[in-house]
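[1] build me a model:
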Amino acid sequence: MAEILTPRPASTILPLRDGPDGVEVLLLRRNLNSDFVGGAYVFPGGGVDTGDADFGDRVLGLDEATASKRLGLSSGGLAFYVAALRELFEEAGLLIAIDREARRVDGVDHAAFAARRDDLNTRRCTFADVLDDEGIVLDLRAVVYLSHWVTPIGPPRRFDTRFFVVETPPDQIAGHDEGETVDHRWVRPVDALAAAASGEMVIILPTIRNLTSIASFDRVADVLAWAGSQGPVPRIEPRIVERDGESLILLPGDEGYDQGGS
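    Numbers count the residues shown, from 1 in each chain. Below you'll find the model as predicted:
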């Protein structure tokens, strides 16, 4: 029997803004040569790094105990929030932070922030270095836990991913990194779902389900309020099963899910 891989802890974040026709979300297209969902449109995200756990004095609005409780963990919860905002900066160039006087980082020097992002992505500095050098801290007050997805058994890479939502600063400019990601789009969730259905955009199941969960809201504030009122967030681990020579993906509650699969 093949070894069952232990999922790697990961964080993904849905950057939101109020557009002229409703809520818009930022999607990034992964490089076609990527070994994980190449060519798909995804939210910014990635694995939780060891360094993400050492940010206690570089965050505002959340502590380790509260973060862990929200995620249903005994410990280590704060690192998921930090990883989400680190990935947002690395992959999309958006920084959810405030200065030491609690003023939001809005009208930023875009060239300077682009340079720091490049330093981070080329490993010339750490995310903590960026914050310390700029005299800012991560603002976790508006980062809201949305969902919890685990890659099914079978794929060569597995992730235990926490999804979050956040409103992006209006004066910051998003952009893909020209490495892991090759395109970006601000799009209404309903339009992204339509593009996925037509084949215009490749979007994987967890992304589709998270888009669906926010598609009915008209304002970012409504999305954040709803996500924050959910109560315990269920763990969703799809299962891959073979039926009549076809591979099917089952979700909790689907017929046959509890019978297991490959």
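[2] now the spatially closest residue to residue 166 that is not a sequence neighbour: phi and psi?
    Once flanking residues are discounted, residue 166 sits nearest to residue 143: 4.9 Å by Cβ to Cβ, 6 or more residues apart in numbering. (C-beta placed from N, C-alpha, C; glycine too.) For residue 143, the backbone dihedrals (degrees, to the nearest 10) come out as phi -90, psi 120.
[3] isn't residue 143 up against residue 82?
    No - using Cβ atoms under 8 Å, residue 143 is not in contact with residue 82, being 9.8 Å away.
[4] pLDDT at the residue nearest to residue 166, what is it?
    Predicted confidence (pLDDT) for residue 143: 97.
[5] cool, residue 103 as well?
    Listed pLDDT for residue 103 reads 69.
[6] could we number from 466 for the rest of this?
    I'll keep to 466 as the first residue from here, and by that count the last item is residue 568.
[7] residue contacts, the residue nearest to residue 586 when sequence neighbours are not counted?
    Once flanking residues are discounted, residue 586 sits nearest to residue 555: 5.6 Å by Cβ to Cβ, 6+ apart. Going by Cβ atoms under 8 Å, 6 or more residues apart in numbering, residue 555 touches 509, 511, 582, 585, 586, 592, 642.
[8] where does the stretch 616-727 of the chain dip in pLDDT?
    In the predicted model, the stretch 616-727 of the chain carries pLDDT under 70 at residues 725-727.
[9] helices of that one, start to end?
    Secondary structure of the stretch 616-727 of the chain (DSSP state H, counting those that start in this stretch): helices located at 654-663, 670-679, 685-693.
[10] check which element follows the helix ranked longest in the chain along the chain.
    In the chain, ranked by residue count with DSSP state H as the criterion, the top helix is helix 542-557. For helix 542-557, the following helix or strand on the C-terminal side (DSSP states H and E) is strand 562-564.
[11] so how far is that following strand from its chain's centroid?
    The chain centre lies 20 Å from the centre of strand 562-564; the measure is Cα atoms, centre = their mean, to the nearest Å.
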